[in-house]
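A.B. asks: The following block contains a protein sequence and its predicted model.
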Amino acid sequence: MVWIEELKEHVGKEVTLKGWVYNKRDSGKVRFVLLRDGTGILQCVFVDTEIDKETYGLADSLNQEAVVEVSGLVREDTRAPGGVELTARSLKLIADSADYPITPKEHGIDFLLSRRHLWLRSSRQHALLRCRDTMIRTFHEFFGDRGFILVDPPMITPTSCEGATTLFEIKYFDDVAYLSQSGQLYMEPAAAAFGKVYCLAPSFRAEKSKTRRHLTEFWHLEPEVAFLDLEGDMELAEDMLLFVVKRLLERRPDELKLLGKKVEGSEEHLKLLEGLDKPFYRLSYTDAVKMLNDNGIKMQWGEKFGADEEAVISREFDRPVFVHRYPKASAPFYMKEDHADPDVVLNFDLLASEGYGEIIGGSQREDDLEKLKAAIQRQKLPREPLEWYLDLRRYGTFEHSGFGIGMERTLAWITGVHHIRETIPYPRLIDRIYP
RNA sequence: UCCUCGGUAGCUCAGCGGUAGAGCGGGUGGCUGUUAACCACUAGGUCGGGGGUUCGAAUCCCUCCCGGGGAGCCA
């Protein structure tokens, strides 16, 4: 048995393949069956005068997504999609498939999401999930090459790490527990143990967000590095993204092109990615507010950026932009305050270009025990469940920084797809956990 | 939670007070190289549920359910 992706090595030879019927076309006494085996699509040609009646009749009656075994001669042919086709000699029906719902025609998003398990078979989803595979492997390679240790965080946690945001509550024997929103608090101790660490795990957010940038379950990559300051943290994020973007352009050009089909501005988007280089732009929160005010948007220092504000900022630049040093008042307790300006913290958001919004959020962590205690008190968080976290500041505290990056948002930005629900095999959305 | 758009054939949609429509998909037939093939014929409907207005409601009003897009929040 041969896979379709290997066929170029079998030109001129007889082979046997198994696969699903992707589509069927006919013309007079010729039947064209498009066979899909997961590694590619192959056109199988059945000619009435060259094979027996039974085989031809079977080819003529095949249903979409029926499983078949085909044998025949592999030939190069420019008329075939992919350049290689099969002159079929024999055909066996292994399993039939009646009334396959996803026909080669347009469908609505509700219909497709309800049939996600079948939708995965279509070419666009193939391209996207192949890019996802390459992207995730590349992230691992990037950190592996730099000596980072992969440390897996727990997904069942006793408390929230950032307090306010909504958590999924679960029953834990006779107690309550929560699904993790972030592995960060667990990466900081790991950084004290191994120096350079990262994790890649799902994070869960019970926010009732209904936008193209939100999932209730997403894959969260979080590096944490000892003896690294905010500037170093941004440089790490920059190097990482460049490495991953370059790799995708290199290894998945066909998939990126397919995904750009029928998408307005996709050529410009790919050119932008090809030209992507260091350094990304850096803009302090304070300067960003000034910039927005100069653009006629009224806002006070201290207010948060909304989607509109972020879009205005990212549209000003042709590369991703780091916005750093946000007001301390609305920052999570673990972010380190800036010695130069105690009203701000040493953190950053990375806004992707073209309105994709925030894909990375990071910070230098507060390493002063007293300041951290004060921040916990100020935000009215319970101290007792965080004692273990405070131990890091008691037993050899150290300067350290890290960030979190969402795999789905990053993939959406690189591939140019509009909604992140297509960038994960089985998206979990508000009011949608099937299939 | 709020704002907004929508629910009509298996799918995508048109119809928006007066006999339920198209394209695709299904079925049948035709065509010796098709590229979401094409051509002809054909079957297929409780117009999301309930209530109301009207001589008459898919169409107007109320209500509920379901879905899309967005806001807040975030990766």
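C.D. replies: Sure thing, it's come through. Numbering: from 1, shown residues only, chains lettered A, B, ... in the order given.
A.B. asks: only C-alpha atoms for contact and neighbour calcs from this point on.
C.D. replies: Will do.
A.B. asks: So A:L350 versus A:F398, what's the distance?
C.D. replies: For A:L350, the distance to A:F398 equals 25 Å [C-alpha to C-alpha, to the nearest Å].
A.B. asks: Comparing those two, which residue is more hemmed in?
C.D. replies: Neighbours around A:L350 and A:F398, counted as other C-alpha atoms under 10 Å, are more numerous at A:L350. The numbers are 24 against 17.
A.B. asks: mind checking the SS state of the more buried one?
C.D. replies: strand (DSSP: H, G, I helix; E, B strand; the rest coil).
A.B. asks: same thing with A:L200?
C.D. replies: strand.
A.B. asks: Now it. Nearest residue, chain neighbours left out?
C.D. replies: Nearest residue to A:L200 in three dimensions, chain neighbours excluded: A:L221, at 4.4 Å (C-alpha to C-alpha, 6 or more residues apart in numbering).
A.B. asks: so which residue of the stretch 151-300 of chain A comes closest to RNA strand B?
C.D. replies: A:S209 (2.8 Å; C-alpha to the nearest atom of the strand).
A.B. asks: That residue: how many residues sit nearby?
C.D. replies: A:S209 has 13 neighbours, counted by other C-alpha under 10 Å.
A.B. asks: which ones are touching it?
C.D. replies: A:215, A:430 (C-alpha atoms under 8 Å, 6 or more residues apart in numbering).
A.B. asks: A:G28 versus the residue sitting furthest away from the middle of chain A, what's the distance?
C.D. replies: Distance from the centre of chain A peaks at A:T49, with 49.9 Å (C-alpha atoms, centre = their mean). Distance of A:T49 to A:G28, given as C-alpha to C-alpha: 11 Å.
A.B. asks: Show me what from the stretch 251-400 of chain A comes close to RNA strand B.
C.D. replies: A:304-308, A:357-361 (C-alpha under 7 Å from any atom of the strand).
A.B. asks: I'd like to know how far the residue of the stretch 51-200 of chain A found nearest RNA strand B sits from A:W119.
C.D. replies: With C-alpha to the nearest atom of the strand as the measure, A:K105 is the residue of the stretch 51-200 of chain A nearest to RNA strand B, at 2.8 Å. Distance, A:K105 to A:W119, by C-alpha to C-alpha: 13 Å.
A.B. asks: Between those two, which is the more surrounded one?
C.D. replies: A:W119 (18 against 5).
A.B. asks: Secondary structure class of the nearest residue to that one once chain neighbours are set aside, three-state.
C.D. replies: Nearest residue to A:W119, sequence neighbours excluded (C-alpha to C-alpha, 6+ apart): A:L112, at 6.3 Å. Put simply, A:L112 is helix when judged by three-state DSSP.
A.B. asks: any idea how far A:L112 is from A:L58?
C.D. replies: A:L112 is 30 Å from A:L58, by C-alpha to C-alpha.
A.B. asks: What does the pLDDT read for the residue of the stretch 151-300 of chain A closest to RNA strand B?
C.D. replies: pLDDT recorded at A:S209 is 84.
A.B. asks: That one looks like it's in a helix, true?
C.D. replies: No - using three-state DSSP, the assignment for A:S209 is coil, not a helix.
A.B. asks: Spell out which residues of the stretch 51-200 of chain A are next to RNA strand B.
C.D. replies: Within the stretch 51-200 of chain A, the positions near RNA strand B by C-alpha under 7 Å from any atom of the strand are A:61, A:63-64, A:77, A:79-81, A:85, A:99, A:101, A:103-111, A:165.
A.B. asks: Counting only helices, which of those make the cut?
C.D. replies: Among these, the members falling in helices (DSSP state H) are A:61, A:109-111.
A.B. asks: Quick one: the residues you listed as a markdown table, columns for neighbour count too.
C.D. replies: Output for these, formatted as a markdown table (neighbours: other C-alpha atoms under 10 Å):
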| residue | neighbour count |
| --- | --- |
| A:S61 | 10 |
| A:I109 | 10 |
| A:D110 | 10 |
| A:F111 | 12 |
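A.B. asks: Using just helix, strand and coil, how would you label the closest residue to A:E255 other than its chain neighbours?
C.D. replies: The shortest distance from A:E255 to any residue other than its chain neighbours is 4.8 Å, reached at A:A127 (C-alpha to C-alpha, 6+ apart). Taken by three-state DSSP, the conformation at A:A127 corresponds to helix.
A.B. asks: With A:L258 as the reference, measure out to A:R124.
C.D. replies: 7 Å.
A.B. asks: between these two, who's got more neighbours?
C.D. replies: A:R124 (18 against 15).
A.B. asks: Confirm that the more buried one lies within a helix, as I assumed.
C.D. replies: Yes - judged by three-state DSSP, A:R124 forms part of a helix.
A.B. asks: Hmm, A:G260 and it touching each other?
C.D. replies: No - if you go by C-alpha atoms under 8 Å, A:R124 and A:G260 don't touch, sitting 10.0 Å apart.
A.B. asks: so where is the stretch 201-350 of chain A shaky, pLDDT-wise?
C.D. replies: Counting by pLDDT under 70, the stretch 201-350 of chain A shows no low-confidence range.
A.B. asks: Whichever of the residues of the stretch 251-400 of chain A next to RNA strand B end up buried, select them in PyMOL.
C.D. replies: Buried subset of these, written as a PyMOL selection, criterion 16 or more other C-alpha atoms under 10 Å:
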select buried, chain A and resi 357+358+359+360+361
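A.B. asks: TSV please, covering the residues of the stretch 251-400 of chain A next to RNA strand B and showing secondary structure.
C.D. replies: Listed next are those as TSV, based on three-state DSSP:
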residue	secondary structure
A:K304	coil
A:F305	coil
A:G306	coil
A:A307	helix
A:D308	helix
A:G357	strand
A:E358	strand
A:I359	strand
A:I360	strand
A:G361	strand
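A.B. asks: Torsion angles phi and psi at the most centrally placed residue in chain A?
C.D. replies: Geometric centre of chain A, nearest residue: A:E408, 2.5 Å, by C-alpha atoms, centre = their mean. Backbone torsions for A:E408, taken as degrees, to the nearest 10, come to phi -70, psi -40.
A.B. asks: Check A:H339 too.
C.D. replies: Dihedral pair for A:H339: phi -60, psi -40, per degrees, to the nearest 10.
A.B. asks: Counting neighbours, what do you get for it?
C.D. replies: Neighbour tally, A:H339, other C-alpha under 10 Å: 10.
A.B. asks: End to end on stretch A:45-59, go ahead and measure it.
C.D. replies: Stretch A:45-59 has an end-to-end distance of 9 Å (criterion: C-alpha to C-alpha).
A.B. asks: With stretch A:135-155 instead?
C.D. replies: End-to-end distance for stretch A:135-155: 23 Å, by C-alpha to C-alpha.
A.B. asks: If you count neighbours, what's buried in that stretch?
C.D. replies: So for stretch A:135-155, counting by 16+ other C-alpha under 10 Å, buried means A:135-136, A:138-140, A:142-143, A:148-151, A:153, A:155.
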